[in-house]
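*Asks:* Give the three-dimensional model of this entry:
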Amino acid sequence: MAEDLRRTALYSWHRDHGARMGPFAGWDMPLQYETGAIAEHRAVREHAGLFDISHMGQVEVSGPDAVSFLDYSLTNDILGLPEGLSTYCLMCRPDGGVLDDVFVYRLPDRFYVVVNAGNIEKDEEWLRAVAAGKAAPVDWSGADTADDAAGRDPSAGGFDVRITNKSWETSMFALQGPQALEVFERAAGHGAADLERFAIREDRIAGADCLVSRTGYTGEDGVEIYIDNEAAAGVWEALREAGSFLPDGLRPIGLAARDSLRFEPGFALYGHELNEDSTPIEARLKWACELGRPFVGRDTLLGQIDSGVSKKLATVRMIDRAMLREGYEVRSPEGETIGRVVTGMYSPTLEWYYGNVFVTPPHAKTGAEIDIMVRGRTRRAEVVKRPLYRPAYRS
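*Replies:* Just a heads-up that it's a prediction; the model follows:
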């Protein structure tokens, strides 16, 4: 029921400005505005757009063991993460299943962990369990102890950390696109060009304290802004005013365009490309796993690298015109069931129909042709090279 859904601090603004609202991960969120999702997608690719993504969760971790705790809890290297920068990580169960994918920012006195909306309570509970020493042990014998300057073998007991869930008091905006940094400079009165990619800093916009990171989920340059709920409306309006020089102003962007924008550069969406029944190796995220140090789930991932996996993520381009939906059956050309669709999409940038599938490894190779059952009819698709859209900041 709609009355059971959480609302962001800008809920009334979205309704007043023509947003089509809908449920997402327990929140009543703007899906698109009157111009439609394709126009919003193109506005971000060509100029800039502003997203209210306050449904995302934020967890602060501090204390004497914060570094070794997060290094053990997450797949990527937290020990080597410099102050003021961030990294992408997975949070895994001991069997390698992905509990969530997160961004971790290292601030001078704490870590700021951004988690997915539908996983806020689950992630907090899991982190507290690991901190208390209740997670399954990991084999420490293969670690490079010279690199383990952060602390001690976590199998010896729990971690001395403070975990603070800031999700319900924090709003989060994403300002993304080729002209996003220009908009930010006009709003803040100073630039963000000196903020390197993946960096974070304390800042002020419209007289309000905030955190600003040069990160995003669209394949475009830009910033993400974290601010107290009480200041959210003022900062939102300041950003909108600062973007009034754009051809159509600074458009608000809904979740539908956010989905197509993240899909084209190959970014995972939890619940689709990632879930507790899939591992980072299966989801082509080995690059986000620093396997030279112990973390929860590492032993399983090492085993999969040695022995192989039964399924692999692949991106397909439809040969036969068709819109794919999550759950559609995937078959080999010989008629054998080989997997399922996890995301289906019309790509506004490429102007055609694509999808992500989990299939048996031989059928995940670039150039392989597969069949997808679409409403009882067979539709042919081809596995294509990822990503479909090269992130602009990597050009």
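
*Asks:* Give me the pLDDT for the closest residue to Ile53 other than its chain neighbours.
*Replies:* Of all residues beyond its chain neighbours, the one nearest Ile53 is Met172 (5.0 Å), with distances taken as CB to CB, 6 or more residues apart in numbering. Bear in mind the C-beta positions are built from the backbone N, C-alpha and C, glycine included. Per-residue pLDDT puts Met172 at 99.

*Asks:* quick one: which helix or strand includes Met172?
*Replies:* Under the criterion of DSSP states H and E, Met172 resides in strand 170-176.

*Asks:* I figured Pro265 hits Pro387, correct?
*Replies:* Yes. With contacts counted by CB atoms under 8 Å, Pro265 reaches Pro387, the gap being 4.7 Å.

*Asks:* of the two, who's got more company?
*Replies:* More crowded of Pro265 and Pro387, by other CB atoms under 10 Å: Pro265, with 19 against 15.

*Asks:* The more buried one and Ala180, how far apart?
*Replies:* The gap separating Pro265 from Ala180 is 15 Å, by CB to CB, to the nearest Å.

*Asks:* And Arg7, by the same measure?
*Replies:* According to CB to CB, Arg7 and Ala180 sit 26 Å apart.

*Asks:* how many other residues sit next to Phe245?
*Replies:* With neighbours defined by other CB under 10 Å, the count for Phe245 comes to 13.

*Asks:* sec struct for it, please.
*Replies:* Using DSSP: H, G, I helix; E, B strand; the rest coil, the structure places Phe245 in coil.

*Asks:* out of everything not next to it in sequence, what's closest to it?
*Replies:* For Phe245, ignoring the flanking residues on the chain, the nearest one in space by CB to CB, 6+ apart is Arg186 at 7.7 Å.

*Asks:* if we can go back for a sec, can you check which residues contact both of Pro265 and Pro387?
*Replies:* Gly219 (CB atoms under 8 Å, 6 or more residues apart in numbering).

*Asks:* what residue ranges in this protein score low on pLDDT?
*Replies:* The chain contains residues with pLDDT under 70 at 1-3, 136-157, 395.

*Asks:* for it, longest strand please?
*Replies:* Of all the segments assigned as strand in the chain under DSSP state E, the longest by residue count is strand 337-347.

*Asks:* Quickly list what Gly49 is bridged to.
*Replies:* On the basis of DSSP bridges, Gly49 takes part in beta bridges with Gln176, Arg251.

*Asks:* And for it, the neighbour number?
*Replies:* 31.

*Asks:* That one is in contact with Ala37, isn't it?
*Replies:* No. With contacts defined as CB under 8 Å, Gly49 does not count as touching Ala37, sitting 11.3 Å away.

*Asks:* Common neighbours of those two, please.
*Replies:* Ala257.

*Asks:* domain parsing for this protein?
*Replies:* Each domain of the chain is listed here as a residue range: 2-55+167-263, 58-165, 310-394, per automatic domain parsing.

*Asks:* Output those domains as a markdown table; include the columns distance to Thr300.
*Replies:* Formatted as a markdown table, the entries for the domains of the chain read as follows, by distance: least, CB to CB, whole Å:
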| stretch | distance to Thr300 |
| --- | --- |
| domain 2-55+167-263 | 27 |
| domain 58-165 | 4 |
| domain 310-394 | 13 |
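
*Asks:* For Phe295, which of these is the nearest?
*Replies:* When those are ranked by proximity to Phe295, the top entry is domain 58-165, at 5.5 Å, counting by CB to CB.

*Asks:* From the chain's centroid, how far away is that closest one?
*Replies:* The gap between the average C-alpha position of domain 58-165 and the chain average comes to 17 Å, counting by CA atoms, centre = their mean, to the nearest Å.

*Asks:* Break down the stretch 201-350 of the chain into its strands, ranges please.
*Replies:* In the stretch 201-350 of the chain, strands defined by DSSP state E, counting those that start in this stretch lie at 208-213, 222-228, 251-253, 312-318, 329-331, 337-347, listed in chain order.

*Asks:* Now for Gly376, how many residues are close by?
*Replies:* Gly376: 5 surrounding residues under other CB under 10 Å.

*Asks:* Wait, Thr337 touches Val357, no?
*Replies:* No. Counting by CB under 8 Å, Thr337 sits too far from Val357 to count as a contact (11.9 Å).

*Asks:* Quickly compare the strands of the stretch 201-350 of the chain and say which is most buried.
*Replies:* Mean neighbour count, computed with mean count of other CB atoms under 10 Å, is highest for strand 251-253 among the strands of the stretch 201-350 of the chain, reaching a mean of 25.

*Asks:* which residues touch it?
*Replies:* The contact list for strand 251-253, computed with CB under 8 Å, 6+ apart, reads 14, 17, 19, 30, 33, 35, 39-40, 43-44, 49-52, 176, 240.
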